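Asker: Output the structure for:
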Amino acid sequence: MSEQSLLVMAILVGVALLFDFMNGFHDAANSIALMVSTRLLTPQAAVVWAAFFNFIAFLFFGLQVAKTIGSGIVSPAIIDNAVIFGALCGAISWNLITWWFGIPSSSSHALVGGLVGAALARAGWSAIIAQGLIKTSAAIILSPLLGLVLALALSLALLWMLQKASPALAETRFNKLQFVSASLYSLGHGGNDAQKTMGIIAVLLYANGYLQGAFHVPLWVVLSCQFAMGFGTLFGGWRIVRTMGMGITRIRPTGAFSAQTAGAVTLFLATSMGIPVSTTHTITGAIVGVGLSRRVSAVRWGIAARILWAWVLTIPVSGLVAALFWNLGRGFMG
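Answerer: Model (predicted):
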């Protein structure tokens, strides 16, 4: 392989890790917003806590999500450097736009949209693996819905169990239990989200002849992606923290525990099934479920609607931007 090809490969791996860093940065709010809003930890301590559990997630999960991203949504046969370049640039662009406006959106679905958009631009609809795309698209609806239902059920159960307990004592106890629920949620976040970048880098290595045989992810790719995501979390996107922690509904320690636990269960289930889901969608649904456990009016539906529009636009907009970057990159990426 020529020096130019090696340089292009190195640049693309670097861009992939930049996306992973931004994923951690953009989605830090998912892991820390509730800890910060309930004053469990200071913002600085919360991001360190979340980053640690983001990083060690690879010790607890397989790589089914990476396999889905790498070989289950777009035909690996049409993947080349320009497709990867377009997919990553589309996803990064959407992350920057939504971060700037403080809108929680899905880095995961931005990457899926980018991959699909670049693949369509290169080879048309024949490049798309319908089953994988349908499964991933269905998760846009199912993951927040499951998070909402689980959080609502858990919140109602806790309200019933604690109806005779001192409110101050109950909140103090659940503030401590948040350490458990927040850790589990950060594990789920690191386990599902970092694998998406692993899948992108792995399929890039296959396309350039660095990997052979059945789809697998080298250990250095696993560690690099987990580190990039954890490092990005340390720099947390504070604009989005405010929206997640205080904008959707008022959160107390019992509610934070319920939302984080429901989100963690949803992410653990999706990761075990190899389904790339949005941690943002999941925790947003769970937070809405906590609000509904009190009353419908406890949810600020105007902010929820703004978030919903971001969800609807994520895949098509990131796909369109990715197609434009594919067209730009094919001239010099080969």
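Asker: so where's the stretch 51-200 of the chain uncertain?
Answerer: Counting by pLDDT under 70, the ranges of the stretch 51-200 of the chain that qualify are 102, 104, 167-169.
Asker: residue ranges for the helices of it, please.
Answerer: Per DSSP state H, counting those that start in this stretch, the stretch 51-200 of the chain carries helices over the ranges 64-71, 81-100, 107-123, 130-161, 167-207.
Asker: again, but for the stretch 201-334 of the chain
Answerer: Taking DSSP H, counting those that start in this stretch as the criterion, the stretch 201-334 of the chain carries its helices at 219-234, 238-242, 253-272, 279-294, 301-333.
Asker: Quickly compare the ones you listed and say which is most buried.
Answerer: Most buried of the helices of the stretch 201-334 of the chain by mean neighbour count (mean count of other Cβ atoms under 10 Å) is helix 279-294; its value is a mean of 28. No exception for glycine: its C-beta is placed from N, CA and C like everyone else's.
Asker: How far off centre is that helix?
Answerer: 16 Å (Cα atoms, centre = their mean, to the nearest Å).
Asker: so it versus helix 167-207, what angle?
Answerer: 160 degrees (axes from the mean of the first three to the mean of the last three Cα atoms, to 10 degrees).
Asker: the inter-axis angle of helix 279-294 versus helix 107-123?
Answerer: 140 degrees.
Asker: For the residue of the chain positioned farthest from its centre, give its distance to Gln260.
Answerer: Centroid-distance maximum for the chain: Lys164 at 38.3 Å, with Cα atoms, centre = their mean. Per Cβ to Cβ, to the nearest Å, Lys164 is found 25 Å from Gln260.
Asker: can you check Lys135 too?
Answerer: 25 Å.
Asker: Go through the helices of the stretch 51-200 of the chain and pick out the most buried.
Answerer: Comparing the helices of the stretch 51-200 of the chain by mean neighbour count (mean count of other Cβ under 10 Å), helix 107-123 ranks first with a mean of 28.
Asker: What helices and strands are in contact with it?
Answerer: If you count contacts as 3 or more Cβ pairs under 8 Å, 6 or more residues apart in numbering; DSSP states H and E, helix 107-123 packs onto helix 3-37, helix 64-71, helix 81-100, helix 130-161, helix 167-207, helix 301-333.
Asker: about what we covered before: for Trp49, which of the helices of the stretch 201-334 of the chain is the nearest?
Answerer: Among those, the nearest to Trp49 by Cβ to Cβ is helix 219-234 (9.5 Å).
Asker: OK, contacts around the closest residue to Ile69 other than its chain neighbours?
Answerer: Nearest residue to Ile69, sequence neighbours excluded (Cβ to Cβ, 6 or more residues apart in numbering): Gly199, at 3.1 Å. Gly199 makes contact with Val65, Ala66, Lys67, Thr68, Ile69, Gly70, Ser71, Val217, according to Cβ atoms under 8 Å, 6 or more residues apart in numbering.
Asker: Next: Ala139.
Answerer: By Cβ under 8 Å, 6+ apart, the residues touching Ala139 are Ala270, Ile275, Pro276, Val277, Ser278.
Asker: Redo these as JSON lines? Include pLDDT and distance to Leu211.
Answerer: Formatted as JSON lines, those follow (pLDDT from 0 to 100; distance: Cβ to Cβ, whole Å):
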{"residue": "Ala270", "pLDDT": "93", "distance to Leu211": "26"}
{"residue": "Ile275", "pLDDT": "90", "distance to Leu211": "23"}
{"residue": "Pro276", "pLDDT": "88", "distance to Leu211": "20"}
{"residue": "Val277", "pLDDT": "87", "distance to Leu211": "26"}
{"residue": "Ser278", "pLDDT": "82", "distance to Leu211": "28"}
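Asker: And the furthest pair within those residues?
Answerer: Checking the contacts of Ala139 with Cβ to Cβ, the most distant pair is Ile275 and Ser278, at 10.6 Å.
Asker: Between those two, which is the more surrounded one?
Answerer: Ser278 (30 against 21; other Cβ atoms under 10 Å).
Asker: Tell me the spacing between the residue nearest to the more buried one when sequence neighbours are not counted and Ser5.
Answerer: Excluding the flanking residues, the one nearest Ser278 by Cβ to Cβ, 6+ apart is Ser106, at 3.4 Å. To Ser5, Ser106 is 33 Å away according to Cβ to Cβ.
Asker: So which of those two has more stuff around it?
Answerer: More crowded of Ser106 and Ser5, by other Cβ under 10 Å: Ser106, with 33 against 14.
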